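>>> No letters, just coordinates:
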Ligand SMILES: Cc1cc2nc3c(=O)[nH]c(=O)nc-3n(C[C@H](O)[C@H](O)[C@H](O)COP(=O)(O)OP(=O)(O)OC[C@H]3O[C@@H](n4cnc5c(N)ncnc54)[C@H](O)[C@@H]3O)c2cc1C
């Protein structure tokens, strides 16, 4: 029984299968994703407080800065680069329409968070939307346009069922 | 809100013509790259042979470095080298953060890394170069420093006392700069005033907290003797100049590239020692060096802002007319004045701007700026405005309440009337094209003050403290050469634009303004397409590259649209003229009979035209078909700067309604309104989003944000968990509407819109809270207005 | 940050990683390597590692051990496995039906993405004085179930917390589950906290366990958090309230005598005392509704 400082693991990112990849265990998932060129995931605080690094791990939004890459063995990960289903394409259009981003640094985290909100298929009012994104920091927009966009995305998503 | 999709400026041509884009809320299509994860931020960059860096930083606010031992650390895995000040100084010359046009400023030389004495907690001491950032950090832990702690100078209020520690012995005391502005006879006017009100306000230090931290990749190419800098800055040409100067490189051989920037707000327009050290390391090692600050470094080394204590006095006559205003402002800026803008400007703006919406014939302002052993302080979004606007608007409210006038009425009778411009601020700075009366009238109308007052009464009967606040303000935008250039700083107040028609019929625009998310790309495209007569999709844009764009100042002081936009407009008009001349030669018709619309040269009274693609092809490939002597230039470059005045001011009026919880001290902002006049709106949606984002940052300063220090100068809350930035849940929706008074200084007529929100929100929130507390005869005077301060004010704790 | 002498660092130190296959496996590893630590959701541990506030030799990942991921119920108790995430607790049928107040409590714990990883046992074991769950466990009369080399032992939540981040967990032990008594018909748990931003640790908070008899409070247990070094029971204050009802000054004086208030960056001790008093009133008002 022994731990190790490097670990060889398998995982799937944005539908691409990665087999026998060796990662340093201390590297967090955010840094790992960026090291393989998936730089759409941004690192903002490395404390879980800003939400910029949020990715989807096994169907759930998580902070990639608070997960060690060694922990993703057998997992399925989605990052902003992989949000290309019909639903998320539409969401991106809605974000553009409302100018729900300025500098773009928070956008990947906001989109992943929005994806999780939409997965719930529940109507939310503006206050509830604000609560759902309360862990995602945006310094530029003041949030209103993001709330506008998510509100429309929810409407749109519920309408389709 | 009212969707102003109409171009309000007759100088720009009719609004119903094809390709009329100025004034429309078009989607910012280029932003899609961020939603696809395709933004190009500095930390995304990986270059061949690139190495990473981390800094050993001072853990103390003030300490002597007796010795540093790096020998163990150098042996750590992955470590390439470790440099101290003495190494870095061999390639980088020191700098001094002073200007010459505002009276004597005294700040010592500064080098990238501290020598012998560290003067703030977080100051860089050594740079470790390693293969990975984690390895560099491992090595930092192995550097041995023999520190001797010195007594820190923390408190700005005692900075000039006799027995206070002097941070820079050679200066004799802790004074950096002081200035007095005086207009009229303040003493006499106060004597003549029937009512005098006074206030003293405190503004804590806060900082920009850009979501993307500062970052740089420096790549010294020995073979070409060329330095390429990938930098998330706001002013590439300024950096080019500074890097050339301090690293002794020919300026033409320094290339600065600033692509996507994850928020800047003034934080990223200064010269930072750690970034200079990374450049130096690249020059020494001859390979690319990356430095990206982590959040701890960001909190302790990004410039801080505010940190003011201001007292003010306003004298009014019995009709409520303002006779005299006096302010005295004290600010603490850390141990050095920042380079190259200096740390005097925030105070200078406070002196310039206080009282600016009003006629106040007698005015005196004294500013004192002192050194402290804290993080350096400098210009951040809405430089000085929150302080100037708050002291003015708090005093105005006080005067109104004291003489029994409505707060809106006292403002109305004292505004500089909209039809009396050009005019001057009480401090003597020229003003033109402003609309305080119109904006205030519109604000009061959409707020529906009588209804709010009714609700306030009903609330009070139920024991709920509701308050309403209003303010009016001026915002400094579009600075002219009289701002920095005149003081000896090589900071361009000019911006350039270049536009060319390519063989494919595509139009390429380059501008010296950069994109930080505010929408530079979108508005430059709108202006170019609108003025040229082409569709938006024909335009491509290059920004943020000193090798590829015209020279210019970059993005700061809300100058992109007004100055950079005008340069694009002028270049587009010149190019259009060139195109029409060529077309008239090809089409054998008088130039007056043709125009450009929908990507083609058209005959005004019908008949066959020629597409721009065809025209370009003819020029580029079949010049022989064009009559000889025709000027074939399908490229035009223009420049613009503001002439004759220091700034193009804008104005706005803001209102808000808050509820103060008497039990918990928590404040809820129920409603927030802004009426903004920024002249021509190139894209109203983007203007509104600047206002909203700005207001939320202002709310941050007013209610949440503070760099908390202990009495030893240690920052206590340098994490995103502990430093409270505004998050979505607590923020209000903001209603924005407009009044439009075009600037007469340009054809475009646009002023700036980026900073009003941040400048005005702190004042209007303070006024609303104090209105809520007025039923108890209490007030708060210190920002951020925390629950604790509220409870203290109302005697609950 | 804080006192001088710390480094400006945001990347974890070097350590090794071990994915435990079973509880026994984890215990064995832990007792062999005293410098190793348990990794559950990592939502408190990894931020601390990123700042190098500790440098363990090895992380023992227990988040994939099946036996730790169940929520079960018998006649009198609900058992929440230590590695069940906050989100899983909030969506669990047993919790929705029998302990719904826990969902309201968890709604105040951080943000959805953190709740998707952070675990029930991790929060209880970590014992952050400002965290909701430790106070909830104490108020709900929960028992903490621990397993070590010597087998299983159970300890009352109120005895589990010793001081600032100090608990009764021994070096070889792992927290395996939390055992919550099912509420009686006349029993309620109420919760409130005061915070500046949603999802932040509170400035002060309270969890109350109340038994009603003939429309009167028969039994009251007030547990405060984010006030001192650990969740604290205010026994005498509860008695005072049952006897005399709520009066700001009386309650404040009583709370002051029995609780140790500690200032933090969120609010100072004086403020916390005031808020604790206010919260007591809020709870009583909640009870009436
Ligand atoms: C931005 C942010 C905001 C947050 N806000 C809140 C909040 O408002 N309220 C709140 O309560 N929490 C908050 N948290 C913390 C969160 O709830 C964590 O989930 C929780 O504190 C720890 O759970 P974990 O599973 O992540 O534990 P870990 O981080 O994995 O472990 C924490 C500690 O407990 C030990 N440990 C974990 N499990 C066991 C076990 N089974 N046996 C023995 N030891 C164990 C570990 O060794 C470690 O020392 C926040 C976290 C973040 C990042």
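Received it, and whenever you're ready, just let me know what you need. Everything numeric in this text was worked out from a predicted model, so none of it was measured.
>>> Before we move on, what's the pLDDT of residue 70?
Picked chain A for this. At residue A:70, the pLDDT value in this model is 93.
>>> hmm, I had chain B in mind actually
You'll see residue B:70 listed with a pLDDT of 97.
>>> Report the contact partners of residue 90.
If you meant another chain, say so; for now it's chain A. By C-beta atoms under 8 Å, 6 or more residues apart in numbering or on different chains, the contact list for residue A:90 reads A:153, A:156. The C-beta positions use only the backbone N, C-alpha and C, and glycine is treated the same way.
>>> meant chain C, my bad for not saying
C:103, C:106, C:107, C:115.
>>> How about the secondary structure of the first one?
In other words, residue C:103. Here residue C:103 is helix, with the state taken from DSSP: H, G, I helix; E, B strand; the rest coil.
>>> Tell me how far the residue of the stretch 351-500 of chain B found nearest the ligand lies from chain A.
Ranked by C-beta to the nearest ligand atom, the top residue of the stretch 351-500 of chain B for proximity to the ligand is residue B:375, at 23.8 Å. Remark: distance between residue B:375 and chain A (C-beta to the nearest C-beta, to the nearest Å) = 18 Å.
>>> tell me the SS of that residue?
Using three-state DSSP, the structure places residue B:375 in coil.
>>> and the residue lying closest to it once chain neighbours are set aside, bridged to which residues?
Excluding the flanking residues, the one nearest residue B:375 by C-beta to C-beta, 6 or more residues apart in numbering or on different chains is residue B:304, at 5.0 Å. Beta bridges link residue B:304 to residue B:207, residue B:377 when assigned by DSSP bridges.
>>> Now, the contacts of residue C:90 that are in helices?
C:103, C:106, C:107, C:115 (DSSP state H).
>>> Throw those into JSON lines and include neighbour count, pLDDT and distance to chain B, thanks.
Listed next are the ones in helices among the contacts of residue C:90 as JSON lines, based on neighbours: other C-beta atoms under 10 Å in any protein chain shown; pLDDT from 0 to 100; distance: C-beta to the nearest C-beta, whole Å:
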{"residue": "C:103", "neighbour count": "15", "pLDDT": "98", "distance to chain B": "18"}
{"residue": "C:106", "neighbour count": "22", "pLDDT": "98", "distance to chain B": "16"}
{"residue": "C:107", "neighbour count": "16", "pLDDT": "97", "distance to chain B": "12"}
{"residue": "C:115", "neighbour count": "25", "pLDDT": "98", "distance to chain B": "15"}
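>>> before we move on, what SS does the residue of the stretch 1-150 of chain B found nearest the ligand have?
Nearest residue of the stretch 1-150 of chain B to the ligand: residue B:134, at 19.8 Å (C-beta to the nearest ligand atom). Reduced to three states with three-state DSSP, the structure at residue B:134 is helix.
>>> re the thing from before, for the residue of the stretch 351-500 of chain B closest to the ligand, what are its contacts?
B:120-122, B:205, B:207, B:300-304, B:334, B:707, B:715.
>>> would TSV of those with neighbour count and secondary structure be doable?
Below are those laid out as TSV (neighbours: other C-beta atoms under 10 Å in any protein chain shown; DSSP: H, G, I helix; E, B strand; the rest coil):
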residue	neighbour count	secondary structure
B:120	25	coil
B:121	28	coil
B:122	27	coil
B:205	25	strand
B:207	26	strand
B:300	24	helix
B:301	27	helix
B:302	25	coil
B:303	23	coil
B:304	25	strand
B:334	26	coil
B:707	22	coil
B:715	26	strand
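>>> Regarding the closest residue to chain B within the stretch 151-289 of chain C, what is its secondary structure?
Relative to chain B, the nearest point of the stretch 151-289 of chain C is residue C:198 (3.9 Å; C-beta to the nearest C-beta). Counting by three-state DSSP, the backbone at residue C:198 sits in coil.
>>> again with residue A:122
With three-state DSSP as the basis, residue A:122 sits in coil.
>>> That one: neighbour count?
11 (other C-beta atoms under 10 Å in any protein chain shown).
>>> ditto for residue B:148
Neighbours of residue B:148 (other C-beta under 10 Å): 10.
>>> and it, backbone torsions?
Here is the backbone geometry of residue B:148 (degrees, to the nearest 10): phi -120, psi 110.
>>> How about residue B:60?
phi -120, psi 150.
>>> Just to check, it is in contact with residue B:118?
Yes. Under the criterion of C-beta atoms under 8 Å, residue B:60 makes contact with residue B:118 at 6.3 Å.
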